[in-house]
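1. Build the 3D model from these lines:
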Amino acid sequence: MDTSSGTPHRLDPAGGCPHADNARLLARGGVTPVVLPGDVEGMAVLGHDALKEFLAHPDVAKGARHFTALREGRITPGWPLTTFATVRGMTTADGDDHRRLRSLVSKAFTARRVERMRPWIEQLTEGLLDDLERAARDGGGVADLRRHFALPLPMGVIGELLGVDAEYRDRLHHLSNQVVATDIGPEQALAANRELVGVLAAVAEARAERPGDDLTSALIAARDEEGERLGHEELIGTLVLMIIAGHETTLNLITNAVRALCGHRDQLDLVTSGGAGWADVVEETLRWDAPVSYFPFRYPVRDMTLDGTVIPAGTPVLAGYSAAGRDRDAHGPDADRFDVTRPGRADAARHLSLGHGAHYCLGAPLARMEATIALERLFARFPRLDLAVREDELSRHASFVGNSVRELPVRLAPPSTTA
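-> Residues are numbered from 1 along each chain as shown. Down below sits the predicted model:
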């Protein structure tokens with residue numbers, strides 16, 4: 001089915017729940033034209049099979065030089081998605097350059113380093129659960145789980161991993177939240193990007209002067225086989241990527257998993273009774289309510305046809321992870337159902353929410369570890385935890401990139417009925 005001539009879908013800069021729009025668009029096909037903020041024409045790949053093919057296609061690039069409208073000067077300064085296209089690092093590199101950068105990061109971001117953090121993550125989790133309990137007591141039985149638990153856990157972990165002093169962490173969250181927002185104006189976008197780069201440059205300078213057992217120090221010291229180090233812009237770009245991908249996505253993953261379990265008590269009961277594992281919850285959440293809805297950008301280096309739709313060379317293309325997760329052609333007629341026992345749950349490749357191909361998420365093992373520990377400890381401590389408001393009363397992210405809610409008010413136990 002050729003949908004290229006269909007009416008383009010205008011993405012709402014204010015974000016919102018993506019699933020109704022995704023279902024409507026998927027009914028037209030796996031690829032659809034979209035209008036990005038600033039009336040920039042683009043495409044979105046929504047179908048699971050189409051997205052899997054696209055993410056690993058040899059004719060698809062990440063480098064901004066392939067973005068025709070940007071190269072021709074038709075993108076205005078302060079465009080809210082500029083950082084995704086222009087940041088220097090793995091996410092915007094191709095070929096040998098990408099392999100060089102990923103090799104340098106991989107040497108510092110080893111499985112051994114990640115596993116070594118497990119006891120510390122468990123300790124941090126327990127301390128944050130104490131904070132959540134105190135917040136609920138101070139709040140008349142209600143606390144914002146996102147603010148007091150789902151946010152400080154991954155920010156604490158990525159801060160520890162990168163060697164970011166605690167004084168910077170709240171500011172870095174605010175700035176990274178601004179960077180992924182799609183509803184802010186040009187002046188705000190430019191200011192947030194400048195400040196984010198400035199803060200991370202200060203972090204890098206501190207680690208260069210006082211190296212430690214952290215990823216930033218290792219990146220500064222790391223060399224590839226030819227003896228090359230990361231350039232300054234590449235180092236800062238890599239830190240930008242790590243801060244955003246290292247906490248925003250895990251924050252949304254934990255938040256969305258708690259929402260899913262509170263809305264599906266039968267699934268929660270199944271896990272707590274041993275009928276399924278917490279890792280199953282994490283994988284099903286990644287599929288059912290992906291923490292990233294539309295991730296920018298990839299560009300065909302020549303005109304290509306995908307799922308019957310022509311994508312012109314140089315078009316900015318969004319990877320539609322939240323749509324692919326509920327694609328009925330891939331996941332069956334019950335794709336909209338949250339089911340931790342879904343067949344094939346042990347196969348992480350059944351969803352694409354952590355990417356596919358050469359740019360598969362380097363931090364996937366860390367994100368999975370954090371989320372699994374967080375959920376297991378949370379519901380072991382507060383087995384009757386539930387939402388304090390209806391799901392439809394939750395305010396959504398002001399972004400079509402991130403997919404979650406701004407706050408998650410919860411009760412750690414049902415209200416007392418005693419007089």
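2. ok, the closest residue to residue 256 other than its chain neighbours to residue 261 distance?
-> Closest residue in space to residue 256, ignoring its immediate chain neighbours: residue 289 at 4.4 Å, by C-beta to C-beta, 6 or more residues apart in numbering. Every residue, glycine included, has its C-beta placed from N, CA and C. From residue 289 across to residue 261, the span is 11 Å (C-beta to C-beta, to the nearest Å).
3. And residue 248, by the same measure?
-> From residue 248 to residue 261 the distance is 21 Å (C-beta to C-beta).
4. List the contacts of the residue positioned nearest the centre of the chain.
-> With distances taken as C-alpha atoms, centre = their mean, residue 249 lies nearest the centre of the chain, 3.0 Å away. Contacts for residue 249 (C-beta atoms under 8 Å, 6 or more residues apart in numbering) come out as 291, 292, 367, 402.
5. Check residue 338 too.
-> Neighbouring residues of residue 338 by C-beta under 8 Å, 6+ apart: 260, 263, 264, 267, 284, 285, 288, 289.
6. Would you map the strands across this structure?
-> 9-10, 31-36, 40-45, 60-61, 142-144, 294-300, 304-306, 309-311, 317-320, 386-387, 409-411 (DSSP state E).
7. With respect to burial, which of the ones you listed scores highest?
-> Mean neighbour count (mean count of other C-beta atoms under 10 Å) peaks for strand 317-320 among those, with a mean of 26.
8. what's that strand packed up against?
-> On a contact count with 3 or more C-beta pairs under 8 Å, 6 or more residues apart in numbering; DSSP states H and E, strand 317-320 meets strand 40-45, helix 48-55, strand 294-300.
9. what two of the contacts of residue 249 are the furthest from one another?
-> The largest separation in the contacts of residue 249, counting by C-beta to C-beta, is between 367 and 402 at 14.2 Å.
10. and the residue nearest to residue 256, what pLDDT?
-> Note for residue 289: predicted pLDDT of 98.
11. One more: residue 226?
-> 58.
12. just residue 229 next, same as before
-> pLDDT at residue 229 comes out at 74.
13. Isn't it up against residue 220?
-> Yes: contact criterion C-beta atoms under 8 Å: residue 229 and residue 220 qualify, at 7.4 Å.
14. Give me the common contacts of the two.
-> Joint contacts of residue 229 and residue 220 (C-beta under 8 Å, 6+ apart) do not exist.
15. Looking at the two, which one has more neighbours?
-> Neighbours were counted for residue 229 and for residue 220 using other C-beta atoms under 10 Å; residue 220 has more, 17 against 14.
16. how near is the more buried one to residue 173?
-> 23 Å.
17. Pull the residues that contact stretch 134-149.
-> Residues outside stretch 134-149 that contact it (C-beta under 8 Å, 6+ apart): 128-129, 131-133, 251, 254-255, 258, 374, 378, 388, 404-413, 415.
18. Pass me the low-pLDDT residue ranges in the stretch 1-150 of the chain, would you?
-> Within the stretch 1-150 of the chain, the ranges that satisfy pLDDT under 70 run 1-6, 108.
19. cutoff 80 now
-> Residues of the stretch 1-150 of the chain meeting the criterion pLDDT under 80: 1-6, 107-111, 113.
20. Show me which residues of the longest helix seen in the chain are buried.
-> Ranked by number of residues, the top helix in the chain under DSSP state H is helix 186-209. Neighbour counts over helix 186-209 (16 or more other C-beta atoms under 10 Å) mark 189, 190, 192, 193, 196, 197, 199, 200, 203, 204, 206, 207 as buried.
21. Could you count how many residues lie near the residue nearest to residue 256?
-> Counted with other C-beta under 10 Å, the neighbours of residue 289 add up to 25.
22. thought it was touching residue 258?
-> No: contact criterion C-beta under 8 Å: residue 289 and residue 258 do not qualify, at 10.9 Å.
23. Relative to residue 85, how far out is residue 63?
-> Taking C-beta to C-beta as the measure, residue 63 falls 9 Å from residue 85.
24. Counting neighbours, go ahead and name the busier of the two.
-> The neighbour count for residue 63 versus residue 85, taken as other C-beta under 10 Å, is higher for residue 85 (21 against 16).
25. nearest residue to the more buried one other than its sequence neighbours?
-> Per C-beta to C-beta, 6+ apart, closest to residue 85 is residue 64, 4.7 Å.
26. coming back round to it: and the residue nearest to the centre of the chain, how far from residue 92?
-> Separation of residue 249 from residue 92 (C-beta to C-beta): 18 Å.
27. Same check on residue 197?
-> Residue 197 is 15 Å from residue 92, where distance means C-beta to C-beta.
28. Run a quick neighbour tally on the residue nearest to residue 409 when sequence neighbours are not counted.
-> Leaving aside its sequence neighbours, residue 409 sits nearest to residue 388 (C-beta to C-beta, 6+ apart; 4.0 Å). Neighbourhood size, residue 388 [other C-beta under 10 Å]: 21.
29. Likewise for residue 134?
-> Neighbours around residue 134, by other C-beta under 10 Å: 12.
30. What residues does residue 243 make contact with?
-> 158, 162, 164, 172, 176, 196, 200.
31. In space, what's closest to residue 114 - neighbours in sequence excluded?
-> residue 366 (4.9 Å).
32. same deal with residue 221?
-> residue 211 (6.9 Å).
33. and the one you found, how far is that from residue 122?
-> Note on residue 211: its distance to residue 122, by C-beta to C-beta, is 27 Å.
34. ok, now residue 201?
-> Look at residue 201 and residue 122: by C-beta to C-beta, they are 33 Å apart.
35. Could you do residue 48 as well?
-> Residue 48 is 34 Å from residue 122, by C-beta to C-beta.
36. more crowded one of the two?
-> Using other C-beta under 10 Å as the criterion, residue 48 and residue 122 rank with residue 48 on top: 26 against 15.
37. what's the nearest residue to the more buried one if we skip its chain neighbours?
-> residue 330 (3.5 Å).
38. same check, this time on residue 185
-> The nearest residue in space to residue 185 (C-beta to C-beta, 6+ apart) is residue 78, at 7.1 Å.
39. what about the one you found, neighbour count?
-> By other C-beta under 10 Å, 16 other residues sit near residue 78.
40. circling back to that earlier point, save the helices and strands packed on strand 317-320 as CSV, and put in distance to residue 243 too.
-> Below are the helices and strands packed on strand 317-320 laid out as CSV (distance: least, C-beta to C-beta, whole Å):
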stretch, distance to residue 243
strand 40-45, 25
helix 48-55, 23
strand 294-300, 16
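41. Tell me which of the ones you listed sits nearest to residue 351.
-> Using C-beta to C-beta, the helices and strands packed on strand 317-320 put helix 48-55 closest to residue 351, at 8.1 Å.
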